[in-house]
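>>> Got a sequence here, can you model it:
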Amino acid sequence: MREDLNFVIKVYKLKEFPRTGWVLRKVKNPETIAEHTFRVAIASWFLGREAGLDVKKLIQMSLFHDLCEVYAGDVTPFFYFTKYLPSKEKEREKFLKEYVRLPKKEKEAMGARKYNLEKRSLLKLIKPLNPKKKHEIFALWLNFEKKLPKEGDFNYQVDKIETLIQAIEYFGTGENSLANGWWEESEEITHHPLLLEFLKVIQKRFYGKAENYKKNKKLEAILEFILDIDKLKRMPRLY
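Next comes the predicted model:
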């Protein structure tokens with residue numbers, strides 16, 4: 001029980017760490033890692049049910065997928081490739097509006113370094129726990145990272161879609177919106193039929209139209225719910 005308590009205390013840090021992507025883009029009072037995790041879990045519960053997946057596993061992955069960031073921090077593509085960031089502020093702001101596209105070899109190298117850093121960080125975090133808990137947490141994190149089995153793949157896509165929604169909420173939908181980069185990433189990563197349909201629902205909701213859009217009341221209601229609970233991210237507790 002002592003080690004469980006210490007684990008919970010360490011995880012508390014995620015309630016305080018702002019997400020790097022928003023900090024780079026100068027979002028005032030940005031969401032924390034824990035707040036992002038909260039809405040990913042909610043979205044995974046709703047969308048996973050519609051997809052007929054193991055919802056318990058999806059929620060567990062949502063809760064654990066960013067635990068490594070207690071020690072690793074929120075790693076973005078810019079973490080290792082700062083040479084791509086222009087030194088002048090205006091040029092940097094323009095660069096940050098676009099989806100990060102790197103040469104294949106460098107992208108693979110960055111992915112490997114990020115994975116190894118986060119793996120070491122997670123193993124450090126869970127080391128004091130009993131073997132059963134360590135194994136379960138690590139296995140769920142690994143499923144998410146490797147996009148396996150189907151729940152890991154689905155949860156990985158939901159994670160990116162939640163970030164897209166947050167980007168739209170922060171930056172709006174204009175032609176030069178910073179959210180456009182997250183659209184590119186979501187469209188590149190998303191392939192589950194239900195989530196592709198959900199992207200169309202998001203597009204219709206915020207842009208007024210979507211190609212080959214078919215009205216889906218369930219997905220529309222899920223999106224509205226996800227948008228409503230965003231208020232809880234930055235709402236201070238009364239006490």
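>>> Just give me the neighbour total for residue 38.
20 (other CB atoms under 10 Å). Just so you know, the C-beta spots here come from the backbone N, C-alpha and C atoms, and that holds for glycine as well.
>>> name the element the residue nearest the centre of the chain belongs to?
Taking CA atoms, centre = their mean, the centroid of the chain lies closest to residue 159, which sits 3.8 Å from it. In this structure, residue 159 sits in helix 150-171 according to DSSP states H and E.
>>> who does that helix touch, helix- and strand-wise?
With contacts defined as 3 or more CB pairs under 8 Å, 6 or more residues apart in numbering; DSSP states H and E, helix 150-171 has these neighbours: helix 33-51, helix 55-64, helix 131-146, helix 180-189, helix 193-207, helix 217-228.
>>> pLDDT below threshold where in the protein?
76-86, 92-102 (pLDDT under 70).
>>> Recalculate using a threshold of 90.
20-21, 23-26, 73-114, 174-176, 178, 181, 238-239 (pLDDT under 90).
>>> number of nearby residues for residue 168?
Per other CB under 10 Å, the neighbour tally for residue 168 reads 22.
>>> Now do it against residue 186, distance only.
Counting by CB to CB, to the nearest Å, the gap from residue 168 to residue 186 is 11 Å.
>>> thinking again about what came up before, could you export the helix holding residue 159 as CSV, CA atoms only?
C-alpha atoms of helix 150-171 as CSV (Å, rounded to 0.1, in the frame of the first residue of the first chain):
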residue,chain,number,x,y,z
LYS,A,150,-7.2,-3.5,-32.0
GLU,A,151,-7.9,-1.6,-28.8
GLY,A,152,-4.3,-0.1,-28.8
ASP,A,153,-4.7,1.0,-32.4
PHE,A,154,-8.1,2.5,-31.8
ASN,A,155,-7.0,4.3,-28.6
TYR,A,156,-3.9,5.7,-30.4
GLN,A,157,-6.3,7.3,-33.0
VAL,A,158,-8.7,8.6,-30.4
ASP,A,159,-5.7,10.3,-28.6
LYS,A,160,-4.8,12.2,-31.8
ILE,A,161,-8.5,13.1,-32.5
GLU,A,162,-8.9,14.5,-28.9
THR,A,163,-5.8,16.7,-29.5
LEU,A,164,-7.3,17.9,-32.8
ILE,A,165,-10.5,18.9,-31.0
GLN,A,166,-8.5,20.8,-28.4
ALA,A,167,-6.5,22.5,-31.1
ILE,A,168,-9.7,23.7,-32.8
GLU,A,169,-11.0,24.9,-29.5
TYR,A,170,-7.8,26.9,-28.9
PHE,A,171,-7.1,28.2,-32.4
